[in-house]
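Enquirer: sequence first, then the predicted structure:
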Amino acid sequence: MAEITAKLVKDLREMTGAGMMDCKKALAETDGDIEAAVDWLRTKGLSKAAKKSSRAAAEGLVATTASEDSKTAVLVELNAETDFVGRNEEFQKFVKAVAEKALDQDSVEGLAAAEYANGKSVQDSLTDLIAKIGENMTLRRMAKLSVNEGAVASYIHSATAPGLGRIGVLVALESTAGKGALEALGKQLAMHVAAANPEFLSIESVDADALERERAVLKEQAVNSGKPADIAEKMVEGRIRKYYEEVVLLEQVFVMDGETKISAVIDAAAKEAGAPIKLTGFTKFVLGEGVEVEETDFAAEVAAAVNG
C-alpha cells in the first residue's frame, strides 16, 4: 500500500476542498492515487464544496453565547449563500455548537482548527455540511469579551432562534454589582449599540487618524464660510464635540429616552446598584457586513446562453 503523506493529503484538500479526514480516507481507499481519490470524493459528494467556495456567502447567522458565570461571551458569524439556510435547523444547531467552541478560542483561525466532533475540526465539519446542504458556507469571524468581575451582556436583533440572528452585540461591564442588575443594564446598552452604531468606546479611544481627518474637513468648511480665524477655530471645536456625540458610545444619547448620555445612564445604574460600574468594551456584528456580493444580470446571462 502506498504511503499516505501529509503533502498528498494537503494537495487533495486544495484540489477538492474536502475535509482532512475525508481526504485521508479517499487516499487510503485508492492506494494513494490522487486522481482516483478525487473521483472517490466526487462519488461521495464531498468535492462539491470546492466548487461552491467561489460563490459569495453573505447570508447565514450571527450567534452569541456566554460562560456560566457571564464573565465571558462571544459572537460568531457563519455565512451561507441564502437566508433559507439560516432557517435550516441543522445549520442552526451547527452554528450554536461552534459558538460554544468559541468560548475556548481567541481567534477565528483557532476556532476553525478546534475539534468539533468525531475527531474532525470545525472547518472539516463545516465542509461536510456544505456538501450535505449544497451551499457555500464560511466561518467568517469571531469576537470575545471578558471581565475579571462583572458580566458581559449580549443582544441579538432579528432573532431567528435563541442566541441566533442577523445582528449581534456584546457589552462588557466591570463591577462587583449583582449579576442581574449588570445583565439588565448590559442588555439595554447592547440594544443601544445595535441601534446607534457607535465606532469608539470613549473619547480617548478615538482613532487619531480618523479624528485628524474629521478636524481637517471641519476646518476647511469653517475657513470657506468666511469667518474670522478665532471664530472658525471655535466652530471646529464645537463640531468636534458633535462628532464625539455621534461616534463615541459614552458620549451618545441613550436611544431609549432620547436625552440622557450613556455615561450618565451607567452612573445612575451604579448608584442604584451600590457599586461602581465601568463599561470596558463592546463589539457588534452585522450579518454579511462588508461581504461583496456580485450582482448578476440574469436576463443577460440567459441571453448569452441562448446565443452562444
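Expert: Noted; the coordinates are in hand.
Enquirer: contacts, neighbours, all on C-alpha from now
Expert: OK.
Enquirer: so what's Ala172 up against?
Expert: With contact taken as C-alpha atoms under 8 Å, 6 or more residues apart in numbering, Ala172 is in contact with Leu145, Ser146, Val147, Gly150, Ala151, Val152, Ala153, Gly186, Leu279, Thr280, Gly281, Phe282.
Enquirer: which non-adjacent residue is nearest the second one?
Expert: When you say that, I think you mean Ser146. Closest residue to Ser146 apart from its sequence neighbours, by C-alpha to C-alpha, 6 or more residues apart in numbering: Thr72 at 4.3 Å.
Enquirer: ok, now Val98?
Expert: Computed as C-alpha to C-alpha, 6+ apart, the closest residue to Val98 that is not its neighbour in sequence is Val122, at 7.2 Å.
Enquirer: which ones are touching that neighbour?
Expert: With contact set as C-alpha under 8 Å, 6+ apart, Val122 has these partners: Val98, Leu111, Ala112, Ala113, Ala114, Glu115, Tyr116.
Enquirer: separate out the buried members of those.
Expert: In these, burial by neighbour count holds for Val98, Leu111, Ala112, Ala114, Glu115, Tyr116, counting by 16 or more other C-alpha atoms under 10 Å.
Enquirer: helices or strands next to the helix or strand hosting the last one in the packing?
Expert: Assignment of secondary structure by DSSP states H and E places Tyr116 within strand 115-117. Contacts of strand 115-117 with other secondary structure elements, assessed using 3 or more C-alpha pairs under 8 Å, 6 or more residues apart in numbering; DSSP states H and E, are made with helix 122-133.
Enquirer: now find how far off-centre the helix it packs on is within its chain.
Expert: With C-alpha atoms, centre = their mean, to the nearest Å as the basis, helix 122-133 stands 19 Å off its chain's centre.
Enquirer: avg pLDDT for that helix?
Expert: The average pLDDT for helix 122-133 rounds to 92.
Enquirer: residues of it that come out buried?
Expert: Val122, Gln123, Asp124, Ser125, Leu126, Thr127, Asp128, Leu129, Ile130, Ala131.
Enquirer: and the most far-flung residue of the chain relative to its centre, what's its pLDDT?
Expert: Going by C-alpha atoms, centre = their mean, the residue of the chain most distant from its centre is Pro228, 47.0 Å out. Pro228 is assigned 81 on the pLDDT scale.
Enquirer: note down every partner strand of the strand holding Tyr116 and its orientation.
Expert: Neighbouring strands of strand 115-117 in its sheet, by DSSP bridges, are strand 120-121 (antiparallel).
Enquirer: and Gln221, how close does it get to Ile231?
Expert: Counting by C-alpha to C-alpha, to the nearest Å, the gap from Gln221 to Ile231 is 12 Å.
Enquirer: my read: Thr72 touches Glu149, true?
Expert: No. Thr72 is beyond contact range of Glu149, at 10.3 Å (criterion: C-alpha atoms under 8 Å).
Enquirer: between those two, point out the one with more neighbours.
Expert: Between Thr72 and Glu149, counted using other C-alpha atoms under 10 Å, the more crowded position is Thr72 (22 against 15).
Enquirer: check contacts around that one.
Expert: Contacts for Thr72 (C-alpha under 8 Å, 6+ apart) come out as Ala66, Leu103, Lys144, Leu145, Ser146, Val147, Ala151, Val152.
Enquirer: now do 10 Å
Expert: Neighbouring residues of Thr72 by C-alpha atoms under 10 Å, 6 or more residues apart in numbering: 65-66, 103-104, 144-148, 150-153, 170, 172.
Enquirer: more crowded one of Gln221 and Ile231?
Expert: A count of neighbours by other C-alpha under 10 Å puts Gln221 above the other of Gln221 and Ile231, at 15 against 12.
Enquirer: quick one, what contacts the more buried one?
Expert: Gln221 makes contacts with Arg215, Lys227, Ala232, Met235, Val236, as judged by C-alpha under 10 Å, 6+ apart.
Enquirer: list the buried residues in the strand or helix carrying it.
Expert: Taking DSSP H and E as the definition, Gln221 sits inside helix 208-224. For helix 208-224, the neighbour count (16+ other C-alpha under 10 Å) marks Arg215, Leu218, Lys219, Ala222, Val223 as buried.
Enquirer: separation between the fourth one and Glu59?
Expert: Computed with C-alpha to C-alpha, the distance linking Ala222 and Glu59 is 43 Å.
Enquirer: partners of the spatially closest residue to Ile266 that is not a sequence neighbour in the sheet?
Expert: Of all residues not flanking Ile266 in the chain, Ile277 sits nearest, at 6.7 Å (C-alpha to C-alpha, 6+ apart). Counting by DSSP bridges, Ile277 forms beta bridges with Ser175.
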